[in-house]
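# give me the fold of what follows.
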Amino acid sequence: MSQSVSKARTIAATMRPGRSRMFLRAIPVVAVAAAVLLGGCARRDSITVGAIPDDYRTNHPIMIAEKNQKIDLPVGAGDRGMTGHQRDTLLGFLDGYDKSAAPALTIAIPLGSANEVAAMVAGRDFARLAAASGVNRNRIVMTSYQSASAEASAPVRVSFVAVKAQTDKCGRWPDDLLETSENKHYADFGCSYQNNLAAQMANPADLLGPRKSSDIDPANRSKVIDVYRARGISNEFLGNSEVTY
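Numbers count the residues shown, from 1 in each chain. Below is the predicted model of the structure:
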């Protein structure tokens with residue numbers, strides 16, 4: 001900055017007196033303006049808005065992991081085997097059992113409960129029904145657990161481990177919803193949507209990549225092409241079309 005001022009004074013010395021005084025008065029104003037502009041260019045914001053995660057898919061990602069699938073089947077103390085309602089419920093539960101992976105199917109019988117005998121008989125019926133539904137008998141495990149009360153009837157617990165698409169639990173409210181100074185959505189935003197999407201995934205492997213294309217049926221393809229050629233352009237289509245051929 002001092003070299004520029006010296007050059008300006010040298011130029012002013014070669015000019016006429018009136019013009020040189022006006023030129024020298026303008027030097028401080030120009031110098032201040034240049035300093036302000038250079039200072040503004042040198043000052044940078046330390047926060048990058050694009051680096052702040054503000055996407056519900058980032059905050060609540062869908063992950064593929066093993067998850068324990070379980071169901072409690074109530075058994076009355078006076079029951080003598082599996083009931084029709086228990087049968088339908090268990091069959092619906094076994095629809096999610098992956099026969100190709102063949103995980104262990106655990107049937108836990110309560111001990112020390114009021115319905116201990118009835119639960120044991122019903123548990124054996126559950127094992128036979130599971131085997132008839134395609135579960136390998138060697139993968140059916142009969143076990144027991146201690147009942148919390150000897151006067152109450154405890155359920156028979158059936159469980160297996162399956163690979164499921166899942167995300168974190170919803171209901172996180174760490175901050176006030178009205179705090180929007182950063183223009184970001186609240187922490188629980190999109191959590192219910194991600195959970196519903198994960199629950200609808202029949203095959204979680206679809207999230208990892210596309211499946212292999214199935215083989216083409218040449219006979220069926222030829223038949224479809226022949227039908228298409230035989231029809232041509234129907235009169236109904238020509239009558240409803242806005243284009244005149």
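# okay, CA-based contacts and neighbour counts for the rest of this
Noted.
# list the buried ones in stretch 55-66?
For stretch 55-66, a neighbour-count test (16 or more other Cα atoms under 10 Å) marks 56, 59-62, 64 as buried.
# got it, and stretch 145-162?
Quick answer for stretch 145-162 (16+ other Cα under 10 Å): 147, 153-162.
# for stretch 78-88, same thing?
Those would be 81-82, 86-87, for stretch 78-88 by 16+ other Cα under 10 Å.
# if we can go back for a sec, flag whichever of the buried residues of stretch 145-162 scores worst on pLDDT.
Ranked by pLDDT, the buried residues of stretch 145-162 bottom out at Ala162, which has 89.
# just the helices from this structure, written as ranges.
Using DSSP state H, the helices found in the chain span residues 2-13, 17-42, 56-59, 84-94, 116-132, 191-199, 218-231, 235-240.
# quick one on the thing from earlier: out of the buried residues of stretch 78-88, who's nearest Gly190?
Among the buried residues of stretch 78-88, Gln86 lies closest to Gly190 (Cα to Cα), at 36.1 Å.
# quick check, nearest of the buried residues of stretch 78-88 to Tyr186?
Among the buried residues of stretch 78-88, Gln86 lies closest to Tyr186 (Cα to Cα), at 42.7 Å.
# so for the nearest residue to Asn136 once chain neighbours are set aside, what's the pLDDT?
Nearest residue to Asn136 in three dimensions, chain neighbours excluded: Ala102, at 7.4 Å (Cα to Cα, 6 or more residues apart in numbering). On pLDDT, Ala102 comes in at 90.
# tell me the contacts of Ala102?
Residues in contact with Ala102 (Cα atoms under 8 Å, 6 or more residues apart in numbering) are 135-136, 139.
# in contact with the most centrally placed residue in the chain, which residues?
Nearest to the mean C-alpha position of the chain, by Cα atoms, centre = their mean, lies Ile62 at 2.9 Å. Counting by Cα under 8 Å, 6+ apart, Ile62 makes contact with 165-167, 194-195, 198.
# so what's Cys170 up against?
Going by Cα under 8 Å, 6+ apart, Cys170 touches 188, 191-192.
# rerun at 6 Å
Cys191 (Cα atoms under 6 Å, 6 or more residues apart in numbering).
# and it, what are its phi and psi?
phi -90, psi 170 (degrees, to the nearest 10).
# and it, what pLDDT?
So Cys170 comes in at 90 (pLDDT).
# now swap in the one 10 residues further on and tell me
Confidence at Thr180, expressed as pLDDT, is 75.
# neighbours around it, how many?
11 (other Cα atoms under 10 Å).
# ok, the one 3 residues further on next?
Counted with other Cα under 10 Å, the burial measure for Asn183 works out to 8 neighbours.
# extract the C-alpha set from stretch 149-160 and format it as PDB.
Extracted in PDB, the C-alpha atoms of stretch 149-160 (Å, rounded to 0.1, in the frame of the first residue of the first chain):
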ATOM      1  CA  SER A 149     -45.700 -66.700  38.700                       C
ATOM      2  CA  ALA A 150     -46.900 -70.100  39.700                       C
ATOM      3  CA  GLU A 151     -50.500 -69.000  39.700                       C
ATOM      4  CA  ALA A 152     -50.700 -67.400  36.200                       C
ATOM      5  CA  SER A 153     -50.700 -69.100  32.800                       C
ATOM      6  CA  ALA A 154     -47.600 -68.300  30.800                       C
ATOM      7  CA  PRO A 155     -47.400 -68.400  27.000                       C
ATOM      8  CA  VAL A 156     -45.400 -70.700  24.800                       C
ATOM      9  CA  ARG A 157     -42.700 -68.700  23.000                       C
ATOM     10  CA  VAL A 158     -41.800 -69.500  19.400                       C
ATOM     11  CA  SER A 159     -38.900 -67.700  17.800                       C
ATOM     12  CA  PHE A 160     -36.300 -67.800  15.100                       C
END
